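Colleague: no sequence on this one, just coordinates:
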């Protein structure tokens, strides 16, 4: 069974850090693109970052560029999203999902992603 399970969310003060994990099971991450998305209350889901495991390409939405870093541990079959200098506007439910192909296409076309995880809540507040 193909599953993506997110973890690592929580409550953090502005300026703090969190590391989200996207653990894959039932398939090998190699040759898949893994995207991180987020949805804040009352807003549409947006693409945050994408990693292409086949070409190593990494993409970030402008609002997180320089603060977030996406990475991949092949041995653990897990993709991470390191989030630093968090801001209240980063508050959202964060999801990961996969798409097949040789590298990410930016901006992300959410319709090409599947096997969505259940999401993990990130709250940035003092």
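Modeller: Arrived safely, thanks for sending. Keep in mind that what you see is a predicted model, and the values were worked out from it rather than measured.

Colleague: please name the nearest non-neighbouring residue to residue 5.
Modeller: Once flanking residues are discounted, residue 5 sits nearest to residue 23: 4.8 Å by C-beta to C-beta, 6 or more residues apart in numbering. (Each C-beta comes from the backbone N, C-alpha and C, glycine too.)

Colleague: wait, that neighbour touches residue 7, no?
Modeller: Yes - counting by C-beta atoms under 8 Å, residue 23 sits close enough to residue 7 to count as a contact (7.2 Å).

Colleague: who has more neighbours, those two?
Modeller: residue 23 (18 against 14; other C-beta atoms under 10 Å).

Colleague: okay, now the sheet partners of the helix or strand encompassing the more buried one, with direction.
Modeller: Using DSSP states H and E, residue 23 falls within strand 18-25. Sheet pairing of strand 18-25 (DSSP bridges) gives strand 3-7 (antiparallel), strand 78-83 (antiparallel).

Colleague: which stretch among those comes nearest residue 112?
Modeller: Set against residue 112 and scored by C-beta to C-beta, the strands paired with strand 18-25 come closest in strand 3-7, at 15.0 Å.

Colleague: in the helix or strand following the closest one, what counts as buried?
Modeller: The C-terminal neighbour of strand 3-7 among helices and strands, as given by DSSP H and E, is strand 10-12. For strand 10-12, burial by neighbour count (16 or more other C-beta atoms under 10 Å) applies to residue 12.
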